[in-house]
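1. Sequence first, then the predicted structure:
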Amino acid sequence: MRRFKNINYRKVATKLWADRYIYLMILPVVVYYIIFKYWPMWWLRVAFYDFKILKGFKGSDFVGLKHFIAFFKSPDFFQIIWNTIYLNILSLIFAFPAPIIFALLLNELSNSKFKRAIQTVSYLPYFLSTVVVVSMIKTFLSPSIGTLNSIIKSLGYEPIHFIGDPEYFRPIMILSGIWQGIGWNSIIYLSAISGIDTELYESAVIDGAKRYQQILYITIPGISTTIIIMLILQIGNLLSVGFEKVYLLQNAQNIRVSEVLSTYVYKMGITRSNYSFATAVGLFNGVISLILVLLANKLSKKYSEISLI
């Protein structure tokens with residue numbers, strides 16, 4: 001309390017007014033987070049009610065952990081959790097290192113025009129809508145008109161229905177995710193690389209270090225903090241998979257491996273109007289994700305002295 005008594009409120013108000021245009025610029029972001037992130041938290045209590053929209057909370061029965069228990073006892077529980085975690089582990093193994101490697105390779109290009117051209121081309125898929133990306137995937141993999149199946153048929157083999165075969169769902173998700181995000185996700189690593197002191201490279205050249213040695217002993221250690229922070233955030237998303245692409249690629253043939261938490265919540269909440277159950281599943285997802293972030297952050301702080309907080 002003593003600290004607040006020592007605050008010169010007139011000086012604070014003067015400073016706020018002087019920087020009013022800066023605060024005005026961040027106002028849309030603040031409003032966005034309040035409306036779409038913080039205000040919805042109030043509705044998380046729906047998970048503890050048999051919620052009826054027309055009756056509201058006052059007219060709905062409080063049921064405690066009923067919907068959580070129902071989800072845990074669901075015959076689909078373990079399959080959905082496994083599908084979600086497995087897909088994210090594959091993404092962590094293959095998709096996470098891809099932009100790092102791409103950024104390292106781009107950094108080695110000496111021709112600035114060629115480098116900018118490669119960057120531009122690699123960024124473009126990120127700005128395509130998910131619907132367009134899925135349409136491109138389905139056309140490319142079509143058993144009748146798809147380019148890949150045309151090559152397979154030209155080699156004398158039978159065409160493969162990639163989208164309908166559960167075996168190919170995860171590879172399609174991972175490879176298309178790498179293609180769509182590798183350029184955009186590499187920006188943060190390129191920014192980190194640009195912040196490395198150039199004198200380190202000059203000293204390494206004088207000492208006779210080759211290019212790969214400079215990458216191993218200067219570039220990678222120089223961006224290690226960024227890599228670890230991004231890894232922590234990625235681990236926190238182990239139970240979160242992008243809904244749109246999974247849902248659009250999902251069909252009756254691959255549902256066994258494509259049903260994840262996000263699509264399950266959508267079907268239970270929107271399709272079946274079971275809002276309380278869907279909210280309970282979503283809250284479970286959020287709590288586990290928070291625990292994973294805190295655990296990854298703690299381990300990182302313990303072994304590498306790098307953490308988010």
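-> Thanks, I have it. Numbering: from 1, shown residues only.

2. give me the number of residues near I53?
-> Using other CB atoms under 10 Å, I53 has 9 neighbouring residues. For the C-beta atoms, the positions are set from N, CA and C on the backbone; glycine is no exception.

3. how about it, what does it touch?
-> Under the criterion of CB atoms under 8 Å, 6 or more residues apart in numbering, the contact list for I53 reads Y275.

4. mind running it again at 10 Å?
-> Neighbouring residues of I53 by CB atoms under 10 Å, 6 or more residues apart in numbering: 46, 60, 273, 275.

5. Please narrow the residues you listed to those residing in helices.
-> Secondary structure assignment (DSSP state H) places Y275 from the contacts of I53 within helices.

6. Tell me the one of the contacts of I53 nearest S289?
-> V46 (18.9 Å; CB to CB).

7. Quick check: nearest residue in space to that closest one, chain neighbours excluded?
-> Sequence neighbours aside, T279 is the residue nearest to V46 in space, at 4.4 Å (criterion: CB to CB, 6 or more residues apart in numbering).

8. Just give the closest residue to F169, not the sequence neighbours.
-> Distance criterion CB to CB, 6+ apart; nearest residue to F169, sequence neighbours excluded, is N254 at 4.6 Å.

9. Quick one: neighbours of the one you found, just the number.
-> By other CB under 10 Å, neighbour count at N254 equals 20.

10. same check, this time on A278
-> Using other CB under 10 Å, the number of residues around A278 comes to 23.

11. Which residues belonging to the one helix or strand it maps to are considered buried?
-> Assigned by DSSP states H and E, A278 belongs to helix 275-304. For helix 275-304, the neighbour count (16 or more other CB atoms under 10 Å) marks 275-285, 288-289, 292-293, 296-297, 300 as buried.

12. Could you check how far it is from the centre of its chain?
-> Here helix 275-304 shows a centroid-to-chain-centroid distance of 14 Å under the convention CA atoms, centre = their mean, to the nearest Å.

13. Which elements pack onto that helix?
-> Packing partners of helix 275-304 (3 or more CB pairs under 10 Å, 6 or more residues apart in numbering; DSSP states H and E): strand 49-52, strand 56-62, helix 66-73, helix 77-90, helix 224-235, helix 261-266.

14. if you set the cut-off to 8 Å instead, what comes out?
-> Packed against helix 275-304 by the contact rule (3 or more CB pairs under 8 Å, 6 or more residues apart in numbering; DSSP states H and E) you find strand 49-52, helix 66-73, helix 224-235, helix 261-266.

15. Kind regards, and thank you for your time.
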